[in-house]
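Visitor: Could you look at this predicted model? Sequence included:
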Amino acid sequence: MGVMPARSSWQVTRSVWYALFMREALTRTTADRFAWFWMIAEPVAHVVVMVLVRAFAANPRFVTGAEFIPWMITGLLAFFLFREGLMRSLGAINANQGLFAYRQVKPVDPVLVRCFLEGVMKTFIFLLFIAGGALLGMDIVPHDPLYAIANWVLIWLLGVGAGLVVSAADSLIPEVGRIVRIAMLPLLIISGVIFPLSFLPYDVLQYLLYNPIVHGIENLRLSFFVGYRSLNGISMIYPWLCTLSLIAFGLMLHIRYEKRLKAQ
């Protein structure tokens, strides 16, 4: 019998990612008979609730240069893209603990696979919203598609970087997960998803601009709405620097504490 050639590290890693992806995808889409329905119904319900909240809380037509509902849809779905990548990463290591008996599987693998799966699913849902909104006559088709794709990828990678950091930190310090879950609602509010941040005083706004999610969402809206007036100080470079820093720091944590993460 011939000796099988040794596989390269990349081939092994690719096989691990493919197996984990199929496992996660089947788990998410076949968890119950209505898994596909809830996948689409959940963001729709969030949009409806937020629209009603804005309709009762304030004048829904005070977004300059954009229709209110498309403006909110782009912000909500972009934030959900970041949030789901972050939240799904929290339990990725513990949920796949038994697989670490195979030396080819590293703790970082299920985190990256879950983030990728969330990116694919949220992109599919976003495209459905764009198609549905366009059929209903909404101004929700991006006027600069390449810039929209770049910002969508940026927000997704920001969630990947944050997910890498919190997945390692949560496995080492369980309280981290509780803090992250509590922080999601305040983060939604201060990221300019529901209300335009331009109406806040400058003394407050200058601190909120340290939040890279604000830059990602505002840049995404600029790619969708031609006449949209964004916040002063919005940058494309700053969120990319934050994203790359988070990814690098997260990978460093996974490499440094790999044995402890496997032993949880």
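Guide: Ah, there it is. Residues are numbered from 1 along each chain as shown.

Visitor: How many neighbouring residues does Ala169 have?
Guide: The number of residues packed near Ala169 is 19, by other Cβ atoms under 10 Å. The C-beta positions use only the backbone N, C-alpha and C, and glycine is treated the same way.

Visitor: which residues sit in contact with it?
Guide: By Cβ atoms under 8 Å, 6 or more residues apart in numbering, the contact set of Ala169 is Val176, Leu253.

Visitor: and if we set it to 6 Å?
Guide: With contact set as Cβ atoms under 6 Å, 6 or more residues apart in numbering, Ala169 has these partners: Val176.

Visitor: name the element Ile140 belongs to?
Guide: Using DSSP states H and E, Ile140 sits in no helix or strand.

Visitor: ok, it touching Pro70?
Guide: Yes. The criterion here is Cβ atoms under 6 Å, and Ile140 meets it with Pro70 at 4.0 Å.

Visitor: And the pLDDT at Pro5?
Guide: We have a pLDDT of 64 for Pro5.

Visitor: do Gly192 as well
Guide: For Gly192, pLDDT reads 86.

Visitor: Under a three-state scheme, what state does it occupy?
Guide: Put simply, Gly192 is coil when judged by DSSP: H, G, I helix; E, B strand; the rest coil.

Visitor: so who does the residue nearest to Asn219 when sequence neighbours are not counted touch?
Guide: Distance criterion Cβ to Cβ, 6 or more residues apart in numbering; nearest residue to Asn219, sequence neighbours excluded, is Asn151 at 4.6 Å. Going by Cβ under 6 Å, 6+ apart, Asn151 touches Gly216, Asn219, Leu220, Ser223.

Visitor: With Ile190 instead?
Guide: The neighbours of Ile190, taking Cβ under 6 Å, 6+ apart as the test, are Leu208.

Visitor: can you rerun that using 8 Å?
Guide: Counting by Cβ under 8 Å, 6+ apart, Ile190 has contacts Leu197, Leu208, Asn211, Val214.

Visitor: Widest-spaced pair of these?
Guide: Taking Cβ to Cβ as the measure, the contacts of Ile190 span a maximum distance of 9.6 Å, between Leu197 and Asn211.
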